[in-house]
Each structure stands twice: as structure tokens, then as C-alpha cells.
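Undergrad: Got a predicted model here, sequence first, then my questions.
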Amino acid sequence: MNSSVPNAAPDAATGLLGSLVSSLTPTNIALYTLLAALLPIVYTFTVSTLNDGKPTKDGEPPVPPYWMPFIGHAFGLVAGQEKMVAKYRKVDGKPGGPRTIYAFGQRIYLLTDPAAVSLMYRKSRTVVFDPLIELTLAQLFGGPPSAFKALAPGLPGVDQTGLEGKPEWCKLVHAMYVRELNPKTPSLENMTRIFVRELSAQLEENVPAGGEYMEVDLFAWIKKIMFPASGRALYGKKLRLTDELARNFWHWDKAFLQLFKMYPDFMIPGVRAARQAVTDELIRWRMEVKELRDQIADDVLWEENFGARLVRDRVKLTEMVLAEDDHQAHAAIHLSLLWGLEANAIPVASWVIAFALLTPGVLERLKEELAMCVETPATSASWPTFDVDKLGKLPFLNAVWQEALRLGTASISPRMVLEDTEFGGYMFKKGGMIQGLNPVAQIEEEYWGKSVATFNPDRWLPYPGEDAATAARRVREYQTRMRPFGGGLSICPGRHFAGQEILATVAVMAMGLEWKTEGIRAPDIDRSFFGAGGLPPKNDVRLRVRRAQ
Ligand code: HEM
């Protein structure tokens with residue numbers, strides 16, 4: 001009888017299992033499955049809530065609570081980075097605390113503190129943009145894999161197998177940017193001169209002679225005037241910068257953020273066709289002008305086939321690294337510069353002009369200042385010209401430009417971490433992505449005061465009673481809170497041209513035109529475009545304008 005005792009436990013277990021199995025009705029199976037599915041979610045949320053505000057065990061920035069393992073904070077990110085960042089930008093009531101979020105297993109570090117972003121830019125050996133060039137080229141510019149392969153040699157963080165000994169396109173092109181786009185270079189001066197000439201030509205074509213006012217939708221109208229003018233300053237006259245091309249360009253540009261979030265281009269109505277139309281024109285243009293490239297002397301800074309020497313040299317360099325008939329790849333690489341040129345500077349110029357025209361008192365002050373550097377005044381038959389160097393030194397014009405940049409841009413600096421890197425008191429792990437979220441500090445009340453959302457150029461000038469040294473210190477500090485052109489090795493190489501063309505456009509439009517603006521205010525800024533550089537308005541504004549009499 002005793003022999004049955006050792007079997008008592010298995011019997012009990014079998015009995016328990018048996019009763020469990022016999023209780024497995026369809027309802028209970030569903031319940032247990034639900035519990036099993038909920039367990040990791042509840043666990044993840046509980047643990048991440050308990051750790052909220054603390055660095056991770058590797059010393060990374062704190063991770064805000066999240067529910068879903070692996071998926072992490074992805075849905076919040078897709079719903080809108082601006083909203084997500086607004087939620088996380090403060091730690092313990094203070095702005096600027098960095099955060100770590102997860103999206104489908106990818107670590108993303110969000111930096112909103114201007115000092116931390118500056119430190120990030122200084123780590124440009126291990127924190128780099130380069131691995132993101134592949135995504136940018138394919139998703140935004142429609143480049144085939146061969147386009148990225150041509151650009152890849154020498155890029156840090158990019159597999160170099162099979163690329164040994166190939167020309168380092170990106171390094172060579174950056175040297176060109178320095179030679180052609182830096183201040184005081186003959187190329188930059190010349191490009192600005194061509195821009196002003198083309199701007200006047202556009203105004204001549206689009207503003208009727210005679211004293212009649214016409215109605216314009218301001219932002220759309222500035223696009224119409226500036227798109228061909230700046231396009232010709234860089235790409236010459238053979239690229240057909242027609243209204244139709246501009247329409248396609250802006251239709252594609254509107255989808256920029258969706259494309260960057262990896263939406264397939266064919267799913268966004270009309271975008272693939274619009275981009276292809278612009279690409280096709282770049283293909284046609286290269287076919288038309290390419291035979292001439294070796295007949296143009298190296299010291300010619302601009303001529304009508306290729307435009308600026310920068311573009312001519314970029315065409316030659318790209319021909320060195322791509323098959324001649326890989327037309328889509330050539331064009332995608334040229335499209336990237338055309339986009340950099342047009343897509344940011346024009347919206348920003350529009351904000352400078354809109355704020356200047358529609359903020360009481362600003363236009364009058366600007367005109368008084370601009371009168372000091374007019375070279376040839378406006379007449380009813382010609383457009384004014386200015387000494388562009390002097391424009392760059394006018395305090396009020398520059399204050400208007402800085403304030404419009406502060407409110408009208410939202411440029412982020414995405415970077416990949418190549419090696420574990422420490423800065424600002426935290427560790428950033430290899431493989432993580434860092435988002436330098438400059439736009440957050442630009443509109444943070446703690447940094448700019450209660451009037452943060454108001455266009456107030458006077459904040460960039462000495463306040464009444466403030467001595468010059470204190471004002472200069474304060475303005476320098478303001479400048480560290482704004483990074484509209486990014487920073488580090490990938491800082492925008494076109495920023496000096498952008499500054500000159502925008503100041504020249506404002507000067508010509510302020511002194512060469514008369515505006516009727518009574519009762520009209522600057523439109524609201526569409527901040528949902530967060531992350532894409534120049535911001536659009538929520539609505540355009542209709543104004544009346546005529547030539548200065
Ligand atoms: C107000 C106007 C402009 C703004 C706000 C702007 C903003 C930016 C930003 C934020 C970046 C990325 C920087 C980073 O990752 O840290 C960038 C890159 C770039 N921009 Fe601009 N930009 C402007 C005008 C221009 C113009 C006029 C040109 C051409 C002449 C240009 C050409 C480029 C190019 C080629 C790059 C890529 C640089 C690289 O390959 O590393 N941009 N820009």
C-alpha cells in the first residue's frame with residue numbers, strides 16, 4: 001500500500017493539469033491568450049514608468065514610459081514628431097532634457113537642449129549624417145541604388161567593400177562647396193549678382209508697367225518670382241524652370257516629410273509623377289549641355305548652359321562615378337542640390353517679406369535703412385540695385401532676417417552614432433540615431449520670454465538703455481538657441497548664398513514695390529511641417545502691389 005505514496009505528487013500534478021485542461025473552454029482559451037498577450041505590455045509599461053526620468057543602465061538619456069515592446073514609441077512618432085517632442089521636452093519642469101525613445105527596435109535620442117546639440121555637432125567623427133544619405137537619396141530624390149553606390153566611397157559608417165580606390169564624391173563635392181559658396185569667394189559674389197539680375201527680370205515680367213495695383217497671394221507669388229531666379233543663378237538658362245516645373249517641384253516638396261517617414265512615393269497622390277517630371281527635365285538638360293562641359297574655361301564662374309561653376313563641376317564629378325546612361329542616378333544627384341537651393345530659401349524669404357510687410361512699423365524702418373545702400377534707385381521702368389555687402393551689415397534688416405528664421409524654420413539634424421559616444425553627461429550607443437531638434441529651442445518660452453510667438457526683430461538689437469557689450473552677449477546667446485542651417489560637418493553649405501539672396505529679395509521688394517496691406521496680418525505658421533526646414537503658412541495672404549512710382 002505504501003508503494004502508492006511516492007506517486008502521490010505526480011498524481012496531484014496530473015490531476016491539476018487534467019482539471020486545467022478540462023476547464024479549457026473556448027472562452028477560457030481566449031481569456032488566457034489575452035492575458036498572455038497583455039502581460040508583456042503591462043510589464044513594459046510598469047518597468048518603463050518606474051524608470052522614467054532615470055538614465056538607462058548604459059547611461060543613456062531617460063526613456064519615457066511606453067507600452068509595446070519592440071514597437072516602443074513608434075506610433076507617437078508617426079503621428080507627429082512635433083507633438084511627441086512637445087510632450088517630452090521638459091524634465092522636472094525644465095526644458096532641454098534629452099530622451100531615448102524606441103521605434104521598431106531602433107534607438108532614437110531626442111536632443112532639444114541647444115548646448116547638447118552643439119556638443120553633438122562637435123562629435124562629428126563618431127556622430128555623422130553619412131549613413132542616412134542612402135535613405136535620403138532613394139526616398140526623397142528617387143535615386144536608384146547606383147546613385148548611392150557612386151556617393152558611398154569614403155563615407156563613414158557605410159560598408160566600403162568593393163569601393164576601394166573609387167573617387168570620394170562627397171569629400172570632393174564638399175571641397176567644391178567651400179570654394180564656390182563660402183563668403184567673399186568670387187563665385188558666391190557672382191551667383192548673387194546673377195540672382196539679382198534674374199529677380200529683376202522676373203519682376204519685370206510679372207508686375208505690369210503703369211500705376212495699377214494688382215492682387216497677389218503673397219507666398220505663392222514669391223515662389224513664382226524666386227524659383228526661376230535662384231534656379232538660374234545656379235543652373236543657368238537651359239534648364240527649363242517653367243511654371244509647370246515649379247508646380248511639380250512644390251507638389252513633390254509638400255510630401256517631403258511623409259517620404260522621410262518612409263511612406264512609399266506611389267502611395268502619396270501625384271508625388272512620384274511630380275518628382276519624375278522634375279527629374280526628366282534634369283535628364284533632358286544634361287543631355288543638351290553635356291558636350292559643352294570641356295569647352296568652358298575653368299575660370300568662367302557662370303554661363304548659361306551649366307549656370308554656376310559649382311554645378312558644372314558637380315556634373316563632371318558625377319560623370320566620373322556613374323555610367324553615362326544611368327540617367328536617373330545623374331538626375332537624382334542634381335535634384336538634391338536643386339531641392340536644397342529652392343525648398344528652404346523661398347519659404348524663408350516669404351516669411352521675411354510677410355513679417356516685414358505685415359508687422360506695423362517694420363516696413364518703414366526697413367526702407368529708411370535700405371535707402372542708405374541703394375546703388376540705383378527704383379524708377380517706374382527699372383528695379384533698384386543694392387550693394388549686397390552693405391545689406392549684410394544693416395542692423396535692422398539683419399534683425400528682421402534672424403527673427404523670421406527663428407519663427408519660420410524648423411530644421412532638424414538627424415545623425416547616426418558610429419561608436420559609443422559620451423557628451424552632455426549621457427552615453428549615446430553605437431547604432432542609435434540622434435535627432436538634433438533645433439526647432440524646439442527656437443520657440444521655447446523659457447529661452448525667449450513671454451513674447452516667444454510674436455515677431456519681434458527688436459530682440460536682436462540693443463534694448464533701450466542696454467550697453468553694447470551686454471547686448472552683443474545676449475544676441476550671441478540667442479544665436480546658440482537657433483540652428484536653422486544645422487551644424488558640424490554637414491552644416492548647410494548654401495547658407496551664405498541663402499542669406500544674400502534673401503536680403504537682396506527683401507530689399508528689392510521693399511524699395512521697388514508699393515504694397516497695400518491695411519488690416520492684414522501675417523498668416524499663422526504651419527508647424528506640422530516640423531523637421532523640414534522652411535515652414536509653410538497655414539493660409540496664404542492676398543495683398544495689392546504695384547511698381548514704386
Ligand atoms: C534659408 C534657407 C536654407 C535653410 C534653412 C537650409 C537648411 C539646411 C539644413 C538644416 C541642412 C542640413 C544640416 C545638418 O544636417 O546639420 C542643409 C543642408 C544642405 N543645404 Fe541648405 N538650407 C538653406 C538654403 C540652402 C541653399 C540656398 C542651398 C544651395 C545653394 C542649400 C544647399 C544645401 C546642401 C547641398 C545641403 C547638404 C549638405 C551636405 O551634403 O552635407 N541650402 N540645409
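TA: Thanks, I have it.
Undergrad: Now Gly436: phi and psi?
TA: phi -80, psi 100 (degrees, to the nearest 10).
Undergrad: can you give me the strands for the stretch 301-450 of the chain?
TA: Counting by DSSP state E, counting those that start in this stretch, the stretch 301-450 of the chain has strands at residues 302-303, 307-308, 374-376, 385-386, 409-411, 413-417, 421-423, 426-428, 433-436.
Undergrad: Format those strands as a markdown table; extra columns: mean neighbour count, distance to the ligand and mean pLDDT.
TA: Bear in mind the C-beta positions are built from the backbone N, C-alpha and C, glycine included. What follows is the strands of the stretch 301-450 of the chain, written out as a markdown table (neighbours: other CB atoms under 10 Å; distance: least, CB to the nearest ligand atom, whole Å; pLDDT from 0 to 100):
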| stretch | mean neighbour count | distance to the ligand | mean pLDDT |
| --- | --- | --- | --- |
| strand 302-303 | 18 | 13 | 98 |
| strand 307-308 | 25 | 9 | 98 |
| strand 374-376 | 12 | 23 | 92 |
| strand 385-386 | 20 | 19 | 95 |
| strand 409-411 | 24 | 3 | 95 |
| strand 413-417 | 22 | 4 | 97 |
| strand 421-423 | 16 | 16 | 98 |
| strand 426-428 | 22 | 16 | 98 |
| strand 433-436 | 23 | 7 | 96 |
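Undergrad: Surely Ala323 is in contact with Ser146?
TA: Yes - using CB atoms under 8 Å, Ala323 is in contact with Ser146, at 7.3 Å.
Undergrad: who in this structure is up against the ligand?
TA: 129, 337, 340-341, 344-345, 348, 409, 411, 413, 484-487, 490-494, 497-498, 533-534 (CB under 6 Å from any ligand atom).
Undergrad: pLDDT wise, what is Phe355 at?
TA: pLDDT, Phe355: 98.
Undergrad: Chain neighbours aside, what residue packs nearest to it?
TA: Of all residues not flanking Phe355 in the chain, Phe455 sits nearest, at 4.6 Å (CB to CB, 6 or more residues apart in numbering).
Undergrad: Tell me how far Arg547 lies from the ligand.
TA: Relative to the ligand, Arg547 is positioned 27 Å away (CB to the nearest ligand atom, to the nearest Å).
Undergrad: Apologies, that question was intended for Gln328.
TA: From Gln328 to the ligand the distance is 19 Å (CB to the nearest ligand atom).
Undergrad: Is there a neighbour count for the nearest residue to that residue once chain neighbours are set aside? I'd like the number.
TA: The spatial neighbour of Gln328 that comes closest, neighbours along the chain excluded (CB to CB, 6+ apart), is Pro144 at 5.4 Å. Pro144: 14 surrounding residues under other CB atoms under 10 Å.
Undergrad: so Pro144 makes contact with Ala332?
TA: Yes - between Pro144 and Ala332 there is a contact under CB under 8 Å: 7.4 Å.
Undergrad: Thr409 contacts Gln442, doesn't it?
TA: Yes - because the distance of 7.5 Å satisfies CB under 8 Å, Thr409 is recorded as touching Gln442.
Undergrad: Please, which helix or strand holds the closest residue to Leu239 other than its chain neighbours?
TA: Leaving aside its sequence neighbours, Leu239 sits nearest to Trp285 (CB to CB, 6+ apart; 4.5 Å). Using DSSP states H and E, Trp285 sits in helix 271-289.
Undergrad: buried residues in that helix?
TA: Judged by neighbour count using 16 or more other CB atoms under 10 Å, the buried positions of helix 271-289 are 271-272, 274-279, 281-283, 285-286, 289.
Undergrad: Among these, which one sits closest to Met262?
TA: The closest of the buried residues of helix 271-289 to Met262 turns out to be Val271 (CB to CB; 13.5 Å).
Undergrad: got a list of what that closest one touches?
TA: Going by CB atoms under 8 Å, 6 or more residues apart in numbering, Val271 touches His251, Trp252, Ala255, Leu259, Asp265.
Undergrad: now swap in Gly18 and tell me
TA: Neighbours of Gly18 in contact, by CB under 8 Å, 6+ apart: none.
Undergrad: measure it to the ligand for me?
TA: Plainly put, Gly18 is 65 Å away from the ligand if you go by CB to the nearest ligand atom.
Undergrad: and that residue, that one's in a helix?
TA: Yes - according to DSSP: H, G, I helix; E, B strand; the rest coil, Gly18 belongs to a helix.
Undergrad: pLDDT at it, what is it?
TA: On pLDDT, Gly18 comes in at 70.
Undergrad: And for the one 5 residues further on?
TA: The per-residue pLDDT reported for Ser23 equals 71.
Undergrad: Also the one 4 residues further on?
TA: Note on Thr27: pLDDT of 83.
Undergrad: what about it, distance to the ligand?
TA: 55 Å.
Undergrad: Check the gap between that residue and Leu35 for me.
TA: Applying CB to CB, to the nearest Å, the value for Thr27 to Leu35 is 13 Å.
Undergrad: re earlier: now, among the buried residues of helix 271-289, which is nearest to the ligand?
TA: In terms of CB to the nearest ligand atom, no member of the buried residues of helix 271-289 lies closer to the ligand than Leu282, at 15.1 Å.
Undergrad: Not counting its neighbours along the chain, what's nearest the closest one?
TA: Leaving aside its chain neighbours, Leu282 sits nearest to Ala331 (4.0 Å; criterion: CB to CB, 6+ apart).
Undergrad: Report the contact partners of that neighbour.
TA: Contacts of Ala331 by CB under 8 Å, 6+ apart are Thr279, Asp280, Leu282, Ile283, Arg286.
Undergrad: Kindly recompute the last result at 6 Å.
TA: Counting by CB atoms under 6 Å, 6 or more residues apart in numbering, Ala331 touches Thr279, Leu282, Ile283.
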